[in-house]
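**Student:** Structure of the sequence below:
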Amino acid sequence: MKGNGRVLKGRCNCGAVSFIVEGDVQGASVCHCSQCRRQSGHTWASAHAPVSAVKISGAPRWYHTSETARRGFCTTCGSFLFWKAHDEDRMSFALGALEAPTGITLEKHIFTADKGDYYEIADGVPQRP
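**Tutor:** Numbers count the residues shown, from 1 in each chain. This is a model prediction of the structure:
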């Protein structure tokens, strides 16, 4: 989904934090890194857009997960909604939080070398170690 003028709407489980994404959405992926697995309980599916295209309502809490990035989540229900590298002008948002239809198709699996040993990736989508 690139630049097609579509508006995506998403929210946390309880509705305390919601967001709208307008414009250029890219990089739909499933992350298998240990941080995403711990934060989400399994894997984290996301896409990214320019920060200026993501309008957040409510007050997510930002957890600085490393020296290079932070994660945004709802303080009421705990939903993990956003990921933002400190030095980038793009922000990732949770695909699972979006209202359907999204019009988004997964492009890749990332950090597959770090995936859990309890599952296999067998959907045919490209994998990046």
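
**Student:** which residues touch residue 53?
**Tutor:** 21-25 (Cβ atoms under 8 Å, 6 or more residues apart in numbering). To be clear about C-beta, it is placed using only N, CA and C from the backbone, and glycine gets the same treatment.

**Student:** Just send the residues you listed back as TSV, with pLDDT too.
**Tutor:** Output for the contacts of residue 53, formatted as TSV (pLDDT from 0 to 100):
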residue	pLDDT
21	97
22	95
23	87
24	83
25	94
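
**Student:** Helix or strand for the residue lying closest to residue 47 once chain neighbours are set aside, just tell me which one.
**Tutor:** In space, residue 47 comes closest to residue 28 once its chain neighbours are excluded; the distance is 4.3 Å by Cβ to Cβ, 6 or more residues apart in numbering. Assigned by DSSP states H and E, residue 28 belongs to strand 26-31.

**Student:** List the contacts of that strand.
**Tutor:** Taking Cβ under 8 Å, 6+ apart as the rule, strand 26-31 contacts 1-2, 43-49, 92, 95, 104-111, 125.

**Student:** picking that back up, closest to residue 61 among the contacts of residue 53?
**Tutor:** residue 21 (19.9 Å; Cβ to Cβ).

**Student:** which non-adjacent residue is nearest the closest one?
**Tutor:** Residue 21 sits nearest to residue 8 (Cβ to Cβ, 6+ apart), 4.3 Å away.
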